[in-house]
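Engineer: Using only what follows, build the 3D model:
(one chain, ligands or ions: 1)
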Amino acid sequence: MNGVRKVTEDLYWVGVNDKRIELFENIHPIPEGVSYNAYLLLDEKTVLFDTVDWSGCRVFLENIAAVLDGRKLDYLVVNHMEPDHAASLEEVLIRYPECKVISNEKAFMFMRQFGFDVDGREDTVKEGDTRCFGKHTVTFLMAQMVHWPEAMVTFDTTNGVLFSADAFGSFGSLDGRLFDDEVNFDRDWIDNARRYFTNIVGKYGPFVQQLLAKAKTAPIKMFCPLHGPVWRTNLGYYLDKHDKWSRYIPEENGVMIVYASMYGNTESAAQALAAQLCEKGVTNVRVYDVSKTHVSYLVAEAFKYSHIVLASVTYNLNIYPVMEDFLHHLKVLNLSKRVFGIIENGSWAIKSGSLMEQYIDENLKDCRILNARMTINSSANRSNASELDALSDAIVKSVAIEEKAFEQRVIDDAAFAEEEARKAAFKKLSAKERMALMREKHRQEKGEA
Ligand SMILES: Cc1cc2nc3c(=O)[nH]c(=O)nc-3n(C[C@H](O)[C@H](O)[C@H](O)COP(=O)(O)O)c2cc1C
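Structural biologist: Prediction:
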């Protein structure tokens, strides 16, 4: 039974949903599943954009057959060779013996490494190359390290559809709904999207920025990613999120408190800090037990908030191992530009605070550590009360300073959105209207002068 959706008049979603998978990349829990998107264009030639994970191959083949309705498949464009998208490639080639594969040199190298036989069927493209399939002409743009080195995106210059590979993707099974305007993204999807981006592509922020710069030069009307909803309405919203995530700019001025505690004393201090921050007016606070929260969720929250408090026991003269693992993830994913607060605990040789500070200093760029450290000797005593007060004061002060940066960013974002809207409106005008508008602008400028 096929579950195809129509994307445009001649483009179809032929992907599959996977609700059985527990761990994405066998590491990140995905309780809401994931979709492997693939798209099929019916032009004078028929063109399939990417395939799906092996687990969904059967349904995927049914979807393709239903859309082709007896036609042969002429081309398969491989934008990304990662097996969750390319595993079904060979099965497609076996079923459609005349199908040619369009991709780049590095992707063909990966195909051979993964054991796919594409000999004699390759059509190798590079940056800026185009292919015409009848009505539709596409351009290929390399998207190196978003999120593998061979990744590319394909832009359909005829209708503004960008096949964006892993860019603009999200965890979460689609379950029938396909477009951003068919879901409540800000309520139901954004956490999945952030967790997907930060854990999967977070490390490659500068490469994402390169792709965003290319995207700005193309009149994109739709993002067709390889996971999650297709964007046809509120593209600016999602672009802005990716811009922030890939520049490591926090989305929210708030405080994430992560604690590592065995007997509850460090936990109690973390909760006391949260309560005190709220008493002092900073209510955008989230508290996490590092041992009970999968690190992928912690990473996503670290990308979201401006302030991070690390509260850890000392364990064999080290940072608590699970907290150390969290810090390792932040390092690997290049998290930067955060303000940190520290709470440490120990019963005979307290080391965790200094070690966490050292880790941040040595591994996380452009981060600031607040001086007001709280040191607990087994359980909090009277002197800890003043330390807690000093730490919460320092955070409140820093949040207030950050607020100004956030306000400025909101103004900059609004100005940017206005300029983008103006450019988009200008593009829609006829040549005559454009000339009239430019003449009017020129007249106004001369008048003002
Ligand atoms: C395996 C293990 C190793 C520990 N290593 C140290 C240590 O090296 N230095 C120290 O001061 N305390 C060490 N402790 C003690 C705890 O850090 C300390 O009791 C702390 O107060 C526990 O805080 P909690 O109540 O939040 O769990 C260790 C405890 C355990 C179980």
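
Engineer: give me the number of residues near residue 365?
Structural biologist: 12 (other C-beta atoms under 10 Å). C-beta: built from backbone N, CA, C; applies to glycine.

Engineer: Which phi and psi values does the nearest residue in space to it that is not next to it in sequence adopt?
Structural biologist: Excluding its sequence neighbours, the residue lying closest to residue 365 (C-beta to C-beta, 6 or more residues apart in numbering) is residue 336, at 4.0 Å. Main-chain dihedrals, residue 336, degrees, to the nearest 10: phi -150, psi -180.

Engineer: how about residue 336, what does it touch?
Structural biologist: Applying C-beta atoms under 8 Å, 6 or more residues apart in numbering, we find residue 336 in contact with 248, 364-367.

Engineer: Would you mind measuring from residue 71 to residue 48?
Structural biologist: Using C-beta to C-beta, to the nearest Å, one gets 12 Å for the distance from residue 71 to residue 48.

Engineer: again but with residue 19, I slipped
Structural biologist: Taking C-beta to C-beta as the measure, residue 19 falls 24 Å from residue 48.

Engineer: which residues touch the strand or helix carrying residue 192?
Structural biologist: Counting by DSSP states H and E, the element that carries residue 192 is helix 190-196. Contacts with helix 190-196, where a contact means C-beta under 8 Å, 6+ apart, come from 28, 32, 169-172, 185, 227-228, 238, 241, 245, 251, 296-297, 299-300, 303-304.

Engineer: could you flag which of those are buried?
Structural biologist: Using 16 or more other C-beta atoms under 10 Å as the burial test, those include 28, 169-172, 185, 227-228, 238, 241, 245, 251, 296-297, 299-300, 303-304 as buried.

Engineer: number of nearby residues for the residue nearest to residue 272 when sequence neighbours are not counted?
Structural biologist: Distances taken as C-beta to C-beta, 6+ apart place residue 388 nearest to residue 272, at 6.0 Å, with adjacent residues excluded. The number of residues packed near residue 388 is 20, by other C-beta under 10 Å.

Engineer: ok, now the one 10 residues further on?
Structural biologist: For residue 398, the neighbour count with other C-beta under 10 Å is 20.

Engineer: Secondary structure element for the closest residue to residue 81 other than its chain neighbours, which one?
Structural biologist: Nearest residue to residue 81, sequence neighbours excluded (C-beta to C-beta, 6+ apart): residue 110, at 4.1 Å. Using DSSP H and E, residue 110 maps to helix 105-113.

Engineer: Could you pull out the buried residues of the next helix or strand after that helix?
Structural biologist: Next along the chain after helix 105-113, taking DSSP H and E as the criterion, comes strand 122-124. Buried positions in strand 122-124, judged by neighbour count with 16+ other C-beta under 10 Å: none.

Engineer: Partner strands of strand 122-124 and their direction?
Structural biologist: Looking at strand 122-124 with DSSP bridges, its partner strands are strand 100-103 (parallel).

Engineer: related to what we said a few turns ago, could you pull up the residues touching the residue nearest to residue 81?
Structural biologist: By C-beta under 8 Å, 6+ apart, the contact set of residue 110 is 81, 86, 148, 150.

Engineer: dump the residue contacts of residue 167.
Structural biologist: 143, 146, 153, 201, 208, 211, 223, 225, 242.

Engineer: can you tell me which two in the residues you listed are farthest apart?
Structural biologist: Among the contacts of residue 167, the pair separated by the greatest distance (C-beta to C-beta) is 201 and 223, at 14.3 Å.

Engineer: Quick one: list the elements packing against the host helix or strand of residue 287.
Structural biologist: Applying DSSP H and E as the criterion places residue 287 in strand 285-289. Other helices and strands packing on strand 285-289, by 3 or more C-beta pairs under 8 Å, 6 or more residues apart in numbering; DSSP states H and E, are strand 252-260, helix 265-279, helix 295-304.
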